[in-house]
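Engineer: coordinates only, no sequence provided:
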């Protein structure tokens, strides 16, 4: 198990209603650990509750119907992607930006930059709307179990965009598909998605020069509020990070 | 190119503003085809417009700044996943089911089955709400370029669920991750996602017996309306089908 050349055994994850120093499992969880995973005394597992806390625990005793665990002090579970995830999203009509911010905050985005692009219909966001987006981001992140609160920048003029080390821009006619992306393991990941009418061809070319590779999100045309959610899901949730 | 043992060359996809019998490209598209993809007369490409139509075309002439294509009659582009994609989604509060139906219709879902589960707060949907969901599904599918209109069934009692050949159920504490799923190439794909409080443990066990494998959608807890959208995106859009 610990010897060189042997792959580290993955610690099973065990849901418990309440974290404590000693945890006695019975019923389905105990059967699963004892009979399916065949844990034996000394084996390490991760116990976690629904609140975002988790702890390393060691199996102390296994009987035919119970498993007793001895747990370390609980810590906040790691729920942040291993890179800064920045979403550049064009200003959208109505309340669509709120929909995007809410879902993408749950999906691990750490920073939102609203973009004023050529075809954006609203050309700015008022201070009260911006404050509301910030509240939504914080609330959604908290509900999803994150410890980090995402930020929402003031709107940025498209022309002010600067180069990124790794970026993707959603484009329905891109030659590359999202599933074929080689994601970086660290640094920052920048995602960009356009307004209702899409980025203009000039904007896509400019984004491309700045390091945002165009990718298509499947064969169908996604609405302006769905595309950034799919991008964010692909960058983190679907990779289980 | 056509000979046995040689991998079929992928046809480049070329966006054109308007499909026609003869298409003369200039500017960026022409440069890309001629200089990057190095197409030569006789090479086949797919031309498509923004309306969901596409055609096979052959390169007729290549100059330093133009590429002329000779196109077959246009056909509706293939935008349906190669399997029936069914989403079993628990009844949700307020207008959240509409949000799910709208996004998942863009993402390729072909059938929605609202589920009355243990923790669903609304216990039914009125006929007018159901009609509205059906309109939303059709409208969203159409906007996304799909030819097929998704259906929305009347609500189904959880107990009436029957076995599926391939299914997944979103579960925040599942041991398997969505990214590791082996998707079938044909048949039907059934996706299930729970109400605000999640499916009960008994329901997850029952779903599992019926062929729905529990999968987690990343390390964070997703809201009841975000999880089914991520599931649908993973099943089709992110696989570019």
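Structural biologist: Thanks, I have the structure now. All values derive from a computational prediction rather than experimental measurement.
Engineer: quick one: residue A:181 and residue A:168 touch, right?
Structural biologist: Yes - using C-beta atoms under 8 Å, residue A:181 is in contact with residue A:168, at 6.5 Å. For the C-beta atoms, the positions are set from N, CA and C on the backbone; glycine is no exception.
Engineer: which one's more surrounded, those two?
Structural biologist: residue A:168 (26 against 15; other C-beta atoms under 10 Å in any protein chain shown).
Engineer: about what we covered before: list residues touching both of residue A:181 and residue A:168?
Structural biologist: The contact sets of residue A:181 and residue A:168 overlap at A:213, A:215 (C-beta atoms under 8 Å, 6 or more residues apart in numbering or on different chains).
Engineer: shouldn't residue A:120 be in contact with residue A:96?
Structural biologist: No - here residue A:120 does not reach residue A:96: they are 11.3 Å apart, not a contact under C-beta under 8 Å.
Engineer: who has more neighbours, the two?
Structural biologist: residue A:120 (22 against 19).
Engineer: that one is in what secondary structure piece?
Structural biologist: Following DSSP states H and E, one finds residue A:120 outside all helices and strands.
Engineer: ok, it - contacts?
Structural biologist: Taking C-beta under 8 Å, 6+ apart, we find residue A:120 in contact with A:90-92, A:195.
Engineer: same question for residue A:233.
Structural biologist: Contacts of residue A:233 (C-beta under 8 Å, 6+ apart): A:107, B:217-218, B:229-230, B:233-234, B:238.
Engineer: quick one, strands of chain A?
Structural biologist: Applying DSSP state E to chain A gives strands spanning A:13-15, A:22-25, A:44-48, A:53-62, A:67-71, A:75-76, A:84-90, A:111-116, A:151-152, A:156-157, A:167-170, A:176-177, A:188-193, A:212-216.
Engineer: tell me the pLDDT of residue A:7.
Structural biologist: With respect to pLDDT, residue A:7 scores 39.
Engineer: which of the residues in the longest helix belonging to chain A are buried?
Structural biologist: Longest helix in chain A, counting residues (DSSP state H): helix A:127-143. Going by neighbour count (16 or more other C-beta atoms under 10 Å in any protein chain shown), the buried part of helix A:127-143 is A:130, A:132-134, A:136-138, A:140-141, A:143.
Engineer: out of these, who's near chain B?
Structural biologist: A:140, A:143 (C-beta under 8 Å from any C-beta of the partner chain).
Engineer: what's the farthest-apart pair in the buried residues of helix A:127-143?
Structural biologist: Using C-beta to C-beta, these span at most 20.6 Å, a distance reached by A:130 and A:143.
Engineer: report the separation between the residue nearest the centre of chain A and residue A:230.
Structural biologist: Residue closest to the mean C-alpha point of chain A, counted by C-alpha atoms, centre = their mean, is residue A:108 at 2.8 Å. Remark: distance between residue A:108 and residue A:230 (C-beta to C-beta, to the nearest Å) = 13 Å.
Engineer: circling back: so what's the residue nearest to the centre of chain A up against?
Structural biologist: Residues near residue A:108 by C-beta under 8 Å, 6+ apart: A:79-81, A:85, A:146, A:232, A:235-237, A:241, B:218, B:220.
Engineer: now with 7 Å?
Structural biologist: Residue A:108 makes contacts with A:80-81, A:85, A:232, A:236-237, B:220, as judged by C-beta atoms under 7 Å, 6 or more residues apart in numbering or on different chains.
Engineer: could I get the residues you listed as JSON lines with neighbour count and pLDDT?
Structural biologist: Below are those laid out as JSON lines (neighbours: other C-beta atoms under 10 Å in any protein chain shown; pLDDT from 0 to 100):
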{"residue": "A:80", "neighbour count": "18", "pLDDT": "87"}
{"residue": "A:81", "neighbour count": "24", "pLDDT": "90"}
{"residue": "A:85", "neighbour count": "23", "pLDDT": "96"}
{"residue": "A:232", "neighbour count": "27", "pLDDT": "98"}
{"residue": "A:236", "neighbour count": "25", "pLDDT": "94"}
{"residue": "A:237", "neighbour count": "28", "pLDDT": "92"}
{"residue": "B:220", "neighbour count": "25", "pLDDT": "92"}
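Engineer: redo those as a markdown table? Include distance to residue A:17.
Structural biologist: Output for the contacts of residue A:108, formatted as a markdown table (distance: C-beta to C-beta, whole Å):
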| residue | distance to residue A:17 |
| --- | --- |
| A:80 | 25 |
| A:81 | 28 |
| A:85 | 31 |
| A:232 | 31 |
| A:236 | 27 |
| A:237 | 25 |
| B:220 | 20 |
